[in-house]
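**Q** here's a sequence, model it:
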Amino acid sequence: MFINITMEIKRTQHDIRIDSEQKIAAGFLTLQEAGKLPKGSCPDYFRSRLKQAPVSAYKTFADEEIYDGDILTALA
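**A** Modelled structure (predicted):
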């Protein structure tokens, strides 16, 4: 199932549509490949606004229970 989320990195928000079975890091890499983010390493954790909790970039959106409309903020 595809979900629409927003990834916030360094106070810049990017909307993305992605398969919920992909790892969260894949969304970050997709934005890098599209030229929307500079090259660099992916943060290990993001904060989900809906869950109000940190989520691992190395688990899938489904595993972390990230749903349509969520905003993930990169944690330094």
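**Q** quick one: buried residues of the helix or strand harbouring A25?
**A** Counting by DSSP states H and E, the element that carries A25 is helix 24-33. Within helix 24-33, the residues that count as buried by 16 or more other CB atoms under 10 Å are 24-28, 30-31. Every C-beta, even on glycine, is put in place using the N, C-alpha and C of the backbone.
**Q** list the helices and strands that helix packs on?
**A** Contact here means 3 or more CB pairs under 8 Å, 6 or more residues apart in numbering; DSSP states H and E; on that basis helix 24-33 packs against strand 2-9, strand 12-19, strand 71-74.
**Q** swap the cut-off to 10 Å and go again
**A** If you count contacts as 3 or more CB pairs under 10 Å, 6 or more residues apart in numbering; DSSP states H and E, helix 24-33 packs onto strand 2-9, strand 12-19, strand 45-48, strand 53-56, strand 71-74.
**Q** please compute how far it lies from its chain's middle.
**A** Distance of helix 24-33 from the chain centroid (CA atoms, centre = their mean, to the nearest Å) equals 8 Å.
**Q** residues contacting that helix, please?
**A** Identification of contacts with helix 24-33 by CB atoms under 10 Å, 6 or more residues apart in numbering yields 3, 5, 7, 9, 12, 14-19, 22-23, 36-46, 48, 55-61, 63-64, 66, 72, 74.
**Q** same check on stretch 46-65?
**A** 1-3, 5-9, 18-29, 42-45, 66-75.
**Q** please redo it, this time with the cut-off set to 7 Å
**A** Applying CB atoms under 7 Å, 6 or more residues apart in numbering, the set of residues contacting stretch 46-65 from outside is 3, 20-25, 28, 42-45, 66-67, 70-75.
**Q** coming back round to it: mind putting the helices and strands packed on helix 24-33 in JSON lines, mean neighbour count and mean pLDDT included?
**A** As requested, the helices and strands packed on helix 24-33 are exported to JSON lines (neighbours: other CB atoms under 10 Å; pLDDT from 0 to 100):
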{"stretch": "strand 2-9", "mean neighbour count": "17", "mean pLDDT": "96"}
{"stretch": "strand 12-19", "mean neighbour count": "13", "mean pLDDT": "96"}
{"stretch": "strand 45-48", "mean neighbour count": "20", "mean pLDDT": "98"}
{"stretch": "strand 53-56", "mean neighbour count": "15", "mean pLDDT": "98"}
{"stretch": "strand 71-74", "mean neighbour count": "20", "mean pLDDT": "97"}
